[in-house]
Every structure is written in C-alpha cells, then in structure tokens.
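Engineer: Okay, structure incoming, though there's no sequence with it:
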C-alpha cells in the first residue's frame with residue numbers, strides 16, 4: 001500500500017491531517033468527518049487497530065521496520081504529523097478567526113457539515129427499518145448532546161485521563177465532536193487552550209536554552225495535565241479503533257447510518273446564528289473558573305434577519321459545501337488513478 005503513494009498523495013495526507021487537527025479543536029466539528037469525506041476513514045481505523053499485542057511484540061524485539069510496516073506507519077505518521085502541526089499553527093489561526101469572525105467561521109463549518117451529509121448519504125443504498133432506526137437514534141443523540149449544559153472545570157488527573165479517552169472519539173466517530181464533549185465536561189479551555197499554550201511556550205523557551213519553566217509550578221502542573229490527557233487520548237484512540245473496526249466489519253450499514261445521524265445531529269452545535277450564554281451567580285455576576293474566565297452555560301440559537309451580514313454568512317456556508325464537494329472529486333480522481 002505504502003509503495004503506491006506518490007509525493008502528491010503524501011502531501012495531501014499531511015494536509016488532511018492538518019484539517020483533522022483543526023476540526024478536532026473546533027467545538028461541534030468532528031475530525032472523523034474529514035477522514036470519512038476524504039476517503040481514508042476505514043484505512044485510518046484499521047491502521048489504528050493494528051496497534052495491538054503483535055505490534056508491541058515486534059517493537060520490544062527491536063524489529064522497528066517490521067513494526068512500522070505492520071501498523072501502516074507511513075500513513076499514520078504523515079497524518080499525525082499534520083495534526084501536530086495543526087495544533088500549533090492552523091488551530092491558533094482558527095482561534096483568532098472564531099474570536100474575530102465567529103459568524104462566518106461557523107457558517108463555513110455548517111456548510112461543510114451539510115456537504116458531508118450529502119457526500120456520505122448519496123451512495124448509501126441499504127435503507128431498511130434497522131438503518132432508519134440507527135439514523136434517527138444517531139441524530140437524536142447528536143441533538144441531545146448539543147443542548148446539554150456544560151460542567152465546571154476539573155483538573156483531577158483521573159478525570160483528565162477520562163477526558164482524553166472521550167475527547168478522541170471525534171477522530172474515530174464522524175459527527176461526534178470531541179471538543180464539544182470537553183466543553184460539556186467543563187475542561188475545553190484547560191485541555192485544548194491553556195495546556196497546549198503551556199506546551200507551546202515551553203518549546204519556545206527550550207529552543208533558546210531557557211529552562212526556567214522547571215521552576216514555574218503552574219507551568220509544570222499544566223504540562224502534567226497535558227501529558228495525562230495525551231495518554232488518555234492514545235488509549236481512547238486505540239480502544240475505539242478496535243471497537244469500530246469490529247462494528248464496521250460486522251454491522252457496516254447500521255454503523256454508516258448511525259454516523260449520518262450523528263452528523264445531522266451535530267448541525268445543532270455548529271448552527272451559525274447563536275450567542276454564547278455564561279453561568280451566573282445568584283447576584284447576576286458571571287461565575288468564573290480558577291483562571292478567572294467566564295464559564296460557558298450553553299448557546300442560545302436564533303433565526304437571522306435578512307441583511308448583508310446574513311447573505312455573506314450564507315455565502316460562506318456555500319463555500320463550505322463547495323470545499324467538501326471539491327475534496328470528494330479529488331478523492332474520486334485519486335481512487336481511479338490508483339485503480
């Protein structure tokens with residue numbers, strides 16, 4: 001499989017990793033949708049499934065090349081490289097865009113989700129009572145999650161490990177936003193903003209030979225939290241991949257119908273016209289977390305007025321649809337070339 005990958009294929013795989021990493025960080029958007037639409041979802045799941053006892057036996061016996069080939073290492077390494085770069089580049093750009101152009105960013109994502117629903121469902125023909133039930137169940141769960149109220153921040157390491165396991169679900173289950181789950185668990189800012197920024201600052205200081213961060217109690221705490229979160233994510237990623245691989249093999253139609261339902265349900269989270277509401281004290285003042293930030297309660301959604309801002313937002317949604325369809329065309333062309 002690896003020998004057939006051209007330089008262009010490898011470059012696009014890194015770009016897909018960038019897209020997955022960025023999508024995983026945006027509440028309501030699932031990196032798994034990127035994998036599904038781009039046509040490498042099953043390869044991603046089955047590659048992760050190969051991180052098993054046989055793989056570790058090869059690794060511990062020093063057979064590194066065999067280990068690398070067995071787990072489809074070139075594919076996974078290029079994809080995860082893209083995700084890693086995304087967390088320190090594209091994700092920061094997205095943070096800026098969401099703060100300054102929130103409506104248009106959400107509109108683009110809304111369009112991309114719509115395009116994804118079309119892409120995944122257009123070739124699915126196995127509609128029957130069980131798949132319809134799976135579709136509606138997936139949509140109901142997705143919508144139900146989008147209207148839940150978030151918890152408060154918790155940096156207990158056992159809970160952080162659990163957050164890692166749960167949050168990575170967005171990479172393996174399309175339509176299930178891991179970052180939005182972190183908001184519901186109350187740890188989005190802690191785990192995807194503060195801890196990532198702490199790691200970025202640490203790398204910056206290490207490059208110039210500054211080791212003073214080792215004396216910074218708060219920095220070391222954040223790095224410990226990030227390490228435990230990362231460990232939980234790895235455990236969750238491998239565990240989910242084994243479960244999903246089995247489900248895809250034995251219940252593929254029901255699984256795909258459920259995924260379509262999840263993605264439809266996620267439209268409630270990425271609806272562009274919404275306002276963030278925050279938790280308040282009994283006196284009406286904002287409730288703050290340990291870092292002094294306002295604690296999100298939920299989102300208040302509304303129907304927009306027809307004006308220039310709304311028309312521009314609709315244009316961005318259309319752009320999102322076009323991007324997904326363009327990605328689909330590229331995927332079809334690639335599959336025909338490799339056939």
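Structural biologist: Great, that's in hand. Here the structure is a predicted model, which is why all the values come from computation and not from measurement.

Engineer: burial measure for residue 32, as a count.
Structural biologist: 30 (other CB atoms under 10 Å). Every C-beta, even on glycine, is put in place using the N, C-alpha and C of the backbone.

Engineer: same check, this time on residue 98
Structural biologist: Residues contacting residue 98 under the criterion other CB under 10 Å number 17.

Engineer: you'd agree it is up against residue 26?
Structural biologist: Yes - judged on CB atoms under 8 Å, residue 98 makes contact with residue 26 at a distance of 7.4 Å.

Engineer: any idea where the helices of the stretch 1-150 of the chain begin and end?
Structural biologist: Shown for the stretch 1-150 of the chain, the helices assigned by DSSP state H, counting those that start in this stretch span residues 7-25, 31-38, 41-49, 53-60, 64-70, 73-88, 90-100, 102-122, 129-146.

Engineer: deepest of those, which one?
Structural biologist: Among those, judged by mean count of other CB atoms under 10 Å, the one packed with the most neighbours on average is helix 31-38 (a mean of 27).

Engineer: pLDDT (mean, whole number) over that helix?
Structural biologist: If you average the pLDDT over helix 31-38, you get 76.

Engineer: next one: stretch 244-256
Structural biologist: The average of the pLDDT scores along stretch 244-256 is 83.

Engineer: Centre of the chain to that stretch, how far?
Structural biologist: Here stretch 244-256 shows a centroid-to-chain-centroid distance of 20 Å under the convention CA atoms, centre = their mean, to the nearest Å.

Engineer: Next, the distance between the ends of it.
Structural biologist: The first and final residues of stretch 244-256 sit 11 Å from each other (CA to CA, to the nearest Å).

Engineer: Pull out the buried positions in it.
Structural biologist: Buried positions in stretch 244-256, judged by neighbour count with 16 or more other CB atoms under 10 Å: 244-245, 248, 254-256.

Engineer: Among these, which are located in helices?
Structural biologist: 244-245, 248, 254-256 (DSSP state H).

Engineer: Nearest to residue 122 among those?
Structural biologist: When those are compared for distance to residue 122, the smallest value, 12.0 Å, is given by residue 256; criterion: CB to CB.

Engineer: residues contacting the closest one?
Structural biologist: By CB atoms under 8 Å, 6 or more residues apart in numbering, the contact set of residue 256 is 120, 124, 131.

Engineer: same thing but at 6 Å, please
Structural biologist: Residue 256 is in contact with residue 124, counting by CB atoms under 6 Å, 6 or more residues apart in numbering.

Engineer: now stretch 97-104, how far from the chain's geometric center?
Structural biologist: Stretch 97-104 has its average C-alpha position 19 Å from the chain's average C-alpha position, going by CA atoms, centre = their mean.

Engineer: contacts for it?
Structural biologist: Looking at stretch 97-104 with CB under 6 Å, 6+ apart, the contacting residues turn out to be 105, 272, 313, 316.

Engineer: Just to check, residue 17 is in contact with residue 83?
Structural biologist: Yes - between residue 17 and residue 83 there is a contact at 4.7 Å, judged by CB atoms under 6 Å.

Engineer: all helices of the stretch 201-339 of the chain, in order?
Structural biologist: With DSSP H, counting those that start in this stretch applied, the stretch 201-339 of the chain shows helices at 217-250, 252-270, 308-338, listed in chain order.

Engineer: quick one: buried residues of the second one?
Structural biologist: This means helix 252-270. Within helix 252-270, the residues that count as buried by 16+ other CB under 10 Å are 254-270.

Engineer: so can I have TSV of the ones in helices among the buried residues of stretch 244-256 showing distance to residue 172?
Structural biologist: Shown next, in TSV, are those (distance: CB to CB, whole Å):
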residue	distance to residue 172
244	6
245	10
248	11
254	16
255	12
256	14
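
Engineer: For residue 57, state which of those residues is nearest.
Structural biologist: residue 245 (19.4 Å).

Engineer: I'd like the distance between the residue nearest to that closest one when sequence neighbours are not counted and residue 247.
Structural biologist: Nearest residue to residue 245, sequence neighbours excluded (CB to CB, 6 or more residues apart in numbering): residue 49, at 4.3 Å. From residue 49 across to residue 247, the span is 11 Å (CB to CB, to the nearest Å).
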